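Trainee: Have a look at this fold, sequence not included:
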């Protein structure tokens with residue numbers, strides 16, 4: 001199992017066995033803080049009764065260490081892993097309420113025979129688990145492919161999850177994965193396993209929802225868009241300043257991905273106030289899509305050591321099969337391959353830790369769907385159906401009832417507020433099951449750690465507490481972030497007032513690059529693939545022949561280029577996983 005996911009930690013390997021209890025841990029270490037053998041994992045308490053296997057970063061570990069030392073704990077390393085171990089020894093599972101970080105970990109308590117699994121509040125680190133057939137054991141890992149090494153593990157496609165992937169581009173279900181019997185621990189949850197039997201996961205992170213004090217007046221025309229209120233901007237700036245400073249802590253080189261958009265630019269600008277930083281931006285050859293000029297403006301403004309990398313279509317097609325393997329579950333995000341190549345090139349530059357701007361759109365209302373949620377009219381069932389059509393790429397399929405049930409649960413949590421319910425779906429379903437997993441799997445596949453300051457619980461709690469009118473006004477999204485950036489003079493106005501840029505690189509190449517299109521056609525129309533079983537050969541034949549680009553509503557497929565990309569990834573993924 002450890003060999004299958006060695007890419008996540010090529011620096012060190014460790015094992016723990018309690019043969020009497022039938023417990024075994026294997027750990028691959030990516031050394032980031034305290035590179036010495038003192039940070040070796042699995043890590044055991046002095047008396048050997050508590051054992052930890054931990055993936056991630058605890059950003060407030062220095063504060064917690066001082067508190068624990070005051071309570072009499074003695075440390076043998078400078079690592080945050082040891083802080084997690086001692087925090088559990090001192091406070092038990094309630095230690096999770098004290099952690100600010102990204103993590104997935106397992107703690108074995110030999111005295112009471114319990115295994116605790118936990119995942120960070122926003123789901124930045126993955127944790128999968130499965131029960132083996134015939135009561136042969138309970139297994140967990142950071143990636144599903146680890147299970148393929150088990151002789152009794154049977155691979156069977158989860159057809160419900162497959163349909164979710166074809167409609168939404170990922171499996172939005174809290175627990176399910178593309179394989180039957182393999183589950184993911186939801187973000188902000190922990191789970192105990194007692195005598196080999198898993199108990200139901202329990203939620204430990206419940207962010208505040210509803211109105212929160214907002215900002216003081218600020219100069220410029222942004223002031224006219226929103227009445228002045230108390231100081232949310234200052235709270236947000238202070239929180240981000242503390243969080244970004246802690247995200248820069250590492251004993252290896254750190255870089256920042258800079259697109260020139262508001263999110264990555266804010267992170268880079270704040271980081272530049274704490275340290276000399278290296279920023280990296282990405283461009284795409286043979287495409288009109290290029291954000292590098294915008295990134296240069298920000299890099300010049302903040303004085304970073306700026307690097308640029310270019311990705312070519314042939315690199316995408318050459319790396320696709322590797323991506324299907326490394327990404328584990330099915331993801332149709334257009335950036336899956338380019339993101340992995342970007343991290344690979346960062347590693348070639350000697351950068352082992354990268355800060356990214358992920359999470360801002362979902363928490364601070366950055367997508368058009370948020371504005372739609374505020375303006376939607378009609379009975380709730382009709383609004384949920386229209387919402388479903390937007391999430392499912394303007395297709396009507398088989399998952400409306402499932403989607404509606406999830407949304408009605410969120411409406412119950414937000415007192416019927418559709419904007420709040422959409423934000424919960426974005427941050428609890430779309431973000432951890434799609435976008436953040438893209439970041440984690442892409443970066444860890446090349447042994448790079450990606451950190452997302454916006455997804456620190458301290459920032460997320462401020463975002464959740466901000467009502468819609470603090471985030472959207474007169475066509476401007478993420479308003480509080482833009483006002484904060486202007487008020488604290490983080491960025492040039494052309495950056496803070498620039499509209500969100502979104503484009504599909506792979507879709508562009510599917511239509512513009514003949515070589516890439518020919519490659520995709522060959523894979524998608526392969527007789528051994530899924531196109532016939534799903535009844536989609538005529539649709540894909542029409543698409544590649546140029547006969548039509550989609551079907552009109554209410555036919556269930558309306559955008560063939562989206563579907564083609566999903567079928568391409570499905571076929572490549574299936575060759576590796578179903579073939580195993």
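Mentor: Looks like it arrived, so ask away. Bear in mind the structure is a predicted one, so any value in this text is a computation, not a measurement. Residues are numbered from 1 along each chain as shown.

Trainee: so where's the chain uncertain?
Mentor: Within the chain, the stretches falling below the threshold (pLDDT under 70) are 209-230, 286-289, 393-397, 500-512, 551-558, 579-580.

Trainee: tell me the contacts of the nearest residue to residue 56 once chain neighbours are set aside?
Mentor: Leaving aside its chain neighbours, residue 56 sits nearest to residue 103 (3.2 Å; criterion: C-beta to C-beta, 6 or more residues apart in numbering). For glycine as for every other residue, the C-beta is placed from the backbone atoms N, C-alpha and C. Residues in contact with residue 103, defined by C-beta atoms under 8 Å, 6 or more residues apart in numbering, are 54-58, 84, 118-120, 124-125.

Trainee: So which of the residues you listed are in strands?
Mentor: 54-58, 118-119 (DSSP state E).

Trainee: now the residues you listed in CSV, with distance to residue 487 and neighbour count?
Mentor: CSV is the format used below for the ones in strands among the contacts of residue 103 (distance: C-beta to C-beta, whole Å; neighbours: other C-beta atoms under 10 Å):
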residue, distance to residue 487, neighbour count
54, 38, 25
55, 37, 27
56, 32, 23
57, 29, 24
58, 31, 26
118, 37, 26
119, 35, 29
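
Trainee: can you put these in CSV and add distance to residue 447?
Mentor: Below are the ones in strands among the contacts of residue 103 laid out as CSV (distance: C-beta to C-beta, whole Å):
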residue, distance to residue 447
54, 17
55, 13
56, 15
57, 15
58, 20
118, 24
119, 21
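
Trainee: tell me which of these is nearest to residue 328?
Mentor: Among the ones in strands among the contacts of residue 103, residue 55 lies closest to residue 328 (C-beta to C-beta), at 14.3 Å.

Trainee: Surely that closest one touches residue 105?
Mentor: Yes: the pair residue 55 / residue 105 is scored as a contact, 6.6 Å apart, by C-beta atoms under 8 Å.

Trainee: Which strands or helices does the helix or strand containing residue 362 pack on?
Mentor: Using DSSP states H and E, the element containing residue 362 is helix 360-364. Other helices and strands packing on helix 360-364, by 3 or more C-beta pairs under 8 Å, 6 or more residues apart in numbering; DSSP states H and E, are helix 262-272, helix 457-465, helix 479-487.

Trainee: Now do that helix: distance to the chain's middle.
Mentor: The gap between the average C-alpha position of helix 360-364 and the chain average comes to 12 Å, counting by C-alpha atoms, centre = their mean, to the nearest Å.

Trainee: And for that helix, what's in contact with it?
Mentor: In this structure, residues lying in contact with helix 360-364 by C-beta under 8 Å, 6+ apart are 262-263, 266, 366-367, 423, 426-427, 430-431, 435, 454-455, 459-460, 463-464, 466, 471, 477-478, 480-481, 500.

Trainee: May I see the ChimeraX selection of the buried members of these?
Mentor: The ChimeraX command for the buried members of those (criterion: 16 or more other C-beta atoms under 10 Å) is given here:
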select :262,263,266,366,367,423,426,427,430,431,435,454,455,459,460,463,464,466,471,477,478,480,481
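
Trainee: picking up where we left off before, any idea which element the residue nearest to residue 56 lies in?
Mentor: Under the assignment given by DSSP H and E, the secondary-structure element containing residue 103 is strand 101-109.

Trainee: can you give me the angle that strand makes with helix 457-465?
Mentor: Angle of strand 101-109 versus helix 457-465, following axes from the mean of the first three to the mean of the last three C-alpha atoms, to 10 degrees, is 120 degrees.

Trainee: how about the helices of the stretch 151-300 of the chain, start to end?
Mentor: 159-168, 222-225, 232-247, 262-272, 292-302 (DSSP state H, counting those that start in this stretch).

Trainee: Out of these, which gets nearest to residue 43?
Mentor: Nearest to residue 43, of all the helices of the stretch 151-300 of the chain, is helix 232-247, at 21.3 Å by C-beta to C-beta.

Trainee: in the closest one, what's buried?
Mentor: Using 16+ other C-beta under 10 Å as the test for burial, helix 232-247 gives 232-233, 235-237, 239-247.

Trainee: who's in contact with the residue nearest to residue 339 when sequence neighbours are not counted?
Mentor: Distances taken as C-beta to C-beta, 6+ apart put residue 442 closest to residue 339, at 4.2 Å, once the chain neighbours are dropped. Under the criterion of C-beta under 8 Å, 6+ apart, the contact list for residue 442 reads 323, 326-327, 336, 339-340, 342-343, 450.

Trainee: Go through these and name the one nearest residue 251.
Mentor: The closest of the contacts of residue 442, once distances to residue 251 are taken by C-beta to C-beta, is residue 450, at 17.0 Å.

Trainee: and that closest one, that one's in a strand?
Mentor: Yes: when the secondary structure is assigned by DSSP: H, G, I helix; E, B strand; the rest coil, residue 450 falls within a strand.

Trainee: residue boundaries of the strands in the stretch 201-350 of the chain?
Mentor: Residue ranges of the strands in the stretch 201-350 of the chain, as given by DSSP state E, counting those that start in this stretch, are 202-203, 254-257, 278-284, 305-311.

Trainee: can I get these in TSV with distance to residue 564 and mean neighbour count?
Mentor: TSV is the format used below for the strands of the stretch 201-350 of the chain (distance: least, C-beta to C-beta, whole Å; neighbours: other C-beta atoms under 10 Å):
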stretch	distance to residue 564	mean neighbour count
strand 202-203	38	11
strand 254-257	28	25
strand 278-284	19	22
strand 305-311	20	16
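
Trainee: Would you format these as CSV with distance to residue 372 included?
Mentor: Putting these into CSV (distance: least, C-beta to C-beta, whole Å) gives the following:
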stretch, distance to residue 372
strand 202-203, 28
strand 254-257, 29
strand 278-284, 29
strand 305-311, 32
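
Trainee: out of these, nearest to residue 402?
Mentor: Ranking these by distance to residue 402, with C-beta to C-beta as the measure, places strand 202-203 first at 20.0 Å.

Trainee: Residue 437 belongs to a strand?
Mentor: No: checked against three-state DSSP, residue 437 lies outside a strand; its state is helix.

Trainee: need the helices for the stretch 451-580 of the chain, in chain order.
Mentor: Along the stretch 451-580 of the chain, the segments classed as helices by DSSP H, counting those that start in this stretch run 457-465, 479-487, 493-496, 505-512, 514-524, 537-545, 560-577.

Trainee: so which two of the contacts of residue 103 are the farthest from each other?
Mentor: By the measure C-beta to C-beta, 84 and 124 form the most distant pair in the contacts of residue 103, at 15.2 Å.

Trainee: count of residues packed around the residue nearest to residue 235 when sequence neighbours are not counted?
Mentor: Excluding its sequence neighbours, the residue lying closest to residue 235 (C-beta to C-beta, 6+ apart) is residue 462, at 5.9 Å. Using other C-beta atoms under 10 Å, the number of residues around residue 462 comes to 21.

Trainee: Test my guess that residue 462 contacts residue 234.
Mentor: No: taking contact to mean C-beta under 8 Å, the distance of 10.8 Å between residue 462 and residue 234 leaves them out of contact.

Trainee: List the neighbours of whichever helix or strand residue 383 is part of that are in contact with it.
Mentor: Secondary-structure element containing residue 383, defined by DSSP H and E: helix 380-391. Contact with helix 380-391 is made by 168, 369, 372-373, 376-377, 395-396, 399-400, 403-404, 407-408, 411, 418, 422, as judged by C-beta under 8 Å, 6+ apart.

Trainee: quick revisit: can you lay out the helices and strands packed on helix 360-364 as TSV showing distance to residue 47?
Mentor: Below are those laid out as TSV (distance: least, C-beta to C-beta, whole Å):
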stretch	distance to residue 47
helix 262-272	41
helix 457-465	31
helix 479-487	48
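
Trainee: Kindly confirm my reading that the residue nearest to residue 339 forms part of a helix.
Mentor: Yes: judged by three-state DSSP, residue 442 forms part of a helix.
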